[in-house]
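Undergrad: below: sequence and its predicted model.
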Amino acid sequence: MRRGLVQLLAGHRIDGVDWRGSKLRGLGGQPLGQMEGQRVVGVRRHGKFLLVDLSDGLWLVHLGMTGKLLFAEPGEPERKHTHLVLDLDDGRQLRFSDPRRFGTLKLYGKDQAAAVPDLAHFGPDALARSFTPAVLGAELATSRSPLKSFLLDQTRLAGVGNIYACEALWRARLSPRRAANTTPAGKVKPLHAAIRAVLRESIAAGGTSFNDYVDHIGQPGKFLLELAVYDREGKPCPRCGATIKRIQQAGRSTFHCPRCQR
DNA sequence: ATGATCTCCTGAGCGC
DNA sequence: TGCGCTCAGGAGATCA
């Protein structure tokens, strides 16, 4: 999403803001109407948050589970649950829709742009240079959580969701039930590599589109085809052939191979 | 302090 | 066709 947005949004001015006043999960900061007249300078990402840098502030976006940001022409029919429409200086629109309304939209002024409050307690981005095997190892040592829950904890590292947590643990041959602080020393590097490989490959494939995710131009992702365990309960493990199991952890589904993940 | 559970929503898919 | 149920890319609040 970031890559698509920076390509099609950077340098453009926001000429109009149509905020429908929906109750979203995460709202706050300045009124979104104050984006009007500002120019988009760039788009960054930390974990699952998009940070749209504006000429006079920062627009923070989280898509939650069902949020979508889509470019459209003014006449195009609108998706249901459209909450925000931005008019751009070249006539296009950028529309935010989100059926479940778990998304976050916040506008911050220049003063807060350097230190976004929402990210203050977040760990390093999983793909950042600063997230090294040593950092992962140190975090693992301080947690008794099951590895699966550990990977979902954005305060430890940011950017890994339910699908990629399952996939990374499968690649590293680690059981999702293993307590984080019992991870063998020799497994820290493989887990670190697995997390980053899964994320990189999925980004290259345009995301996963498990349900209805589409990117900024309405394209679904293709990483679904590369999933080894997620949503594959009862199917054979691509590595050892054992039957993939589904369990519940912290209220979320975990998929794993009970034979080759230890 | 830490980890598990609840909660905010709509929609899709299933069995009946 | 429709009803009731379960489940879904997240994460802050609350409970134990």
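TA: Received the coordinates, thanks.

Undergrad: spatially central residue for chain A, please.
TA: residue A:48 (3.1 Å; Cα atoms, centre = their mean).

Undergrad: and that one, how far is that from residue A:229?
TA: Going from residue A:48 to residue A:229 by Cβ to Cβ, to the nearest Å gives 21 Å. Using the backbone N, CA and C atoms, a C-beta is placed for each residue, glycine as well.

Undergrad: could you do residue A:134 as well?
TA: From residue A:134 over to residue A:229 the distance is 28 Å, taken as Cβ to Cβ.

Undergrad: ok, those two, which is more surrounded?
TA: residue A:229 (25 against 11; other Cβ atoms under 10 Å).

Undergrad: what's the closest non-adjacent residue to that one?
TA: Closest residue to residue A:229 apart from its sequence neighbours, by Cβ to Cβ, 6 or more residues apart in numbering: residue A:255 at 4.2 Å.

Undergrad: looks to me like the one you found is in a strand.
TA: Yes: with DSSP: H, G, I helix; E, B strand; the rest coil as the criterion, residue A:255 is part of a strand.

Undergrad: tell me the secondary structure for residue A:76?
TA: coil.

Undergrad: actually residue A:233, sorry about that
TA: coil.

Undergrad: for the nearest residue to it once chain neighbours are set aside, give its distance to DNA strand C.
TA: Distance criterion Cβ to Cβ, 6+ apart; nearest residue to residue A:233, sequence neighbours excluded, is residue A:246 at 4.1 Å. Going from residue A:246 to DNA strand C by Cβ to the nearest atom of the strand, to the nearest Å gives 7 Å.

Undergrad: which SS state does the residue lying closest to residue A:43 once chain neighbours are set aside fall under?
TA: Nearest-residue entry for residue A:43: residue A:6, 4.2 Å, with adjacent residues in sequence omitted and distances by Cβ to Cβ, 6+ apart. Assigned with three-state DSSP, residue A:6 falls in the helix class.

Undergrad: contacting residues for the residue in chain A that DNA strand B sits nearest to?
TA: As assessed by Cβ to the nearest atom of the strand, DNA strand B sits closest to residue A:100 within chain A, at 3.2 Å. By Cβ atoms under 8 Å, 6 or more residues apart in numbering, residue A:100 lies in contact with A:64-66.

Undergrad: could you redo the last one with a cut-off of 6 Å?
TA: A:65-66 (Cβ atoms under 6 Å, 6 or more residues apart in numbering).

Undergrad: moving C-terminal of the worst-scoring helix or strand of chain A on mean pLDDT, what's the next helix or strand?
TA: Least confident helix or strand, chain A: strand A:26-29 with a mean of 83, by mean pLDDT, DSSP states H and E. As assigned by DSSP states H and E, the chain's next helix or strand after strand A:26-29 is strand A:40-46.
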